[in-house]
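> Can you look at this prediction? I've put the sequence above it.
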Amino acid sequence: MEFDVLGEYEDAGYKLLAGVIVPRPIAWVTTLNDDGSVNAAPFSFFNLLGASPPIVGFAPGDKEPGVPKDTARNIRRSGEFVVHLVDADHAQAMNVCASDLPAGESELALANLQTTPSQTIAVPRIASAPVAIECTEHSTLSIGQNRLIIGLIQHLYVADGILDPETLLVQREHYSPIGRMEVPASYCRTSDRFDMPRP
């Protein structure tokens, strides 16, 4: 099957591309609203983009054409955000945070989550999340209706037990993030892994 996603199949591009480019890690992002309350939302167009300097990127879509989502608007105003990785224990809470709530209603309260202060930025992190990445906005790139936010990593929090304290390598029996699969509502677990040393 062949698809011209810039032409005949442009309207099906999201369904096709988000269906086959999987699994995708999930960025569960906290930002500060105008009134100082915390906004939390998940995004699966996300990944680590480099390590020197350490950067991540995620692409929050617009609420409607030309109207950025709260996360993008908050980052543009404050220049700060926290990316959390989602494990199986937090899957339902993350999904609750995808709810389209009225202005002023807290996703975190709806998901029964608490926050704790970050080390380097004003935006707090989700206290129970296994991994939290404190970021400042490096740049935001607009391409058509896409908005790619690149974050410069300032600080990394990893819950006790996930990393071997001597090697700093992940102990996979203690860390099982989930990933986004095909649309509209499919996810995967990372409990079935294998090693393949580079030749």
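Structure's in. What do you need? Numbers count the residues shown, from 1 in each chain.
> For the residue positioned nearest the centre of the chain, what are phi and psi?
Central residue of the chain (C-alpha atoms, centre = their mean): residue 27, 0.9 Å from the mean position. With angles defined as degrees, to the nearest 10, residue 27 sits at phi -90, psi 110.
> now do residue 77
phi -80, psi -50.
> circling back to that earlier point, OK, contacts around the residue nearest to the centre of the chain?
42-44, 46, 56, 58, 83-84 (C-beta atoms under 8 Å, 6 or more residues apart in numbering). Glycine gets a C-beta too; all of them are placed from N, C-alpha and C.
> Can you give the contact residues for the helix or strand of the chain with the lowest mean pLDDT?
When the helices and strands of the chain are compared on mean pLDDT, DSSP states H and E, strand 62-64 comes out lowest with a mean of 83. For strand 62-64, contacts defined as C-beta under 8 Å, 6+ apart pick out 68-69, 145, 147.
> Likewise for stretch 5-17?
By C-beta under 8 Å, 6+ apart, stretch 5-17 touches 3-4, 183.
> For it, output the C-alpha coordinates as CSV.
Once non-C-alpha atoms are left out, stretch 5-17 reads as follows in CSV (Å, rounded to 0.1, in the frame of the first residue of the first chain):
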residue,chain,number,x,y,z
VAL,A,5,0.4,12.0,2.8
LEU,A,6,1.0,15.4,1.3
GLY,A,7,-1.7,14.9,-1.3
GLU,A,8,-4.6,12.4,-1.6
TYR,A,9,-4.1,11.0,2.0
GLU,A,10,-3.3,14.3,3.7
ASP,A,11,-6.5,14.1,5.9
ALA,A,12,-5.6,10.5,6.9
GLY,A,13,-2.0,11.4,7.7
TYR,A,14,-2.4,11.5,11.5
LYS,A,15,-4.2,8.1,11.6
LEU,A,16,-1.6,6.5,9.2
LEU,A,17,1.6,7.9,10.7
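> and that stretch, how far out from the chain's middle?
23 Å (C-alpha atoms, centre = their mean, to the nearest Å).
> Can you name every helix or strand that the helix or strand containing residue 41 contacts?
Element membership for residue 41, per DSSP states H and E: strand 38-43. Applying 3 or more C-beta pairs under 8 Å, 6 or more residues apart in numbering; DSSP states H and E, one finds that strand 38-43 contacts strand 27-32, helix 70-78, helix 107-110.
> I'd like the average pLDDT over the helix or strand following the last one.
Following the chain from helix 107-110 toward its C-terminal end, the next helix or strand by DSSP H and E is strand 115-116. The average pLDDT for strand 115-116 rounds to 98.
> Can you list the strands that the helix or strand immediately after strand 115-116 in the chain pairs with?
The first helix or strand that comes after strand 115-116 along the chain, using DSSP H and E, is strand 125-126. As defined by DSSP bridges, the strand partners of strand 125-126 come to strand 115-116 (antiparallel).
> Need the contact partners of the strand it pairs with.
30, 38, 108, 124-127.
> quick revisit: and the strand holding residue 41 with strand 27-32, angle?
On the basis of axes from the mean of the first three to the mean of the last three C-alpha atoms, to 10 degrees, strand 38-43 is oriented at 160 degrees to strand 27-32.
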